[in-house]
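In: show me the folded form of this:
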Amino acid sequence: MESQIKSARLIVSGIELVGFHGYYDAERVRGNRFRIDLDVEGEFHRAFATDSLADSIDYGRLVSAVREINRIRKYFLIESFAEAIATGLIERFPKIRRVSIRVEKLNPPRLGKVGSVAVELVKERS
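Out: Numbers count the residues shown, from 1 in each chain. Here you go, the predicted structure:
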C-alpha cells in the first residue's frame, strides 16, 4: 500500500518578546511581555523526502518575521497584533497556506493576579 503526505504543519511555540502594545498609555511606554505560538500549514511536505531547507519553511525566519512585526508598530489590541502577524507571515512566506496564531499578554496590567490573556486566530491564503 502506497501512501503520501497530504499536508504538513510546522509549529513554533513560546516565542517570547517585549512589545509596546496595549490600550493604556503605560503599556505603550513601558511595554509588556508576550508569548506567541505559530502553527503553519502549507506546501513544504517535499522537505520530508528531500531533507532540504529550500523545500521547507525556515522556522528561524518565521521567528525573525514575528519579532520584526512586533517592532514595526504599536497596537492597542492583541487581536490586531495577532492579525498583523498572520498577514505578515502569509505575505512573506509563499509556501504558507494557513496560519494559526496565539498571542498571549503575560501578567496583564489592571487585572490583579492574572497569568495571561490571549487571542487565537486562523488565517488562510485566499
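
In: from now on I want contacts and neighbour counts done on CA atoms only, so please keep to that.
Out: Fine.

In: list the contacts of the helix or strand harbouring L89.
Out: Assigned by DSSP states H and E, L89 belongs to helix 78-92. By Cα atoms under 8 Å, 6 or more residues apart in numbering, the surrounding residues in contact with helix 78-92 are 21-22, 62, 65-66, 69-70, 75, 96-105, 118-123, 125.

In: from the chain's centre, how far out does it sit?
Out: 7 Å (Cα atoms, centre = their mean, to the nearest Å).

In: which parts of that helix are buried?
Out: By 16 or more other Cα atoms under 10 Å, the buried positions in helix 78-92 come out as 78, 81-86, 88-90.

In: next: stretch 69-79.
Out: 69-70, 74-75, 78.

In: likewise stretch 28-35?
Out: Result for stretch 28-35 [16+ other Cα under 10 Å]: buried residues 28, 31-35.

In: and which of the residues you listed is nearest to K6?
Out: Looking at those and their distance to K6, the nearest is R35, at 30.0 Å (Cα to Cα).

In: please name the bridge partners of that closest one.
Out: Beta-bridge pairing of R35 under DSSP bridges involves E16, E104.

In: now V12
Out: V12 has these beta-bridge partners by DSSP bridges: L38.

In: for the nearest residue to F34 once chain neighbours are set aside, give me the pLDDT.
Out: Of all residues not flanking F34 in the chain, K105 sits nearest, at 4.6 Å (Cα to Cα, 6 or more residues apart in numbering). pLDDT recorded at K105 is 95.
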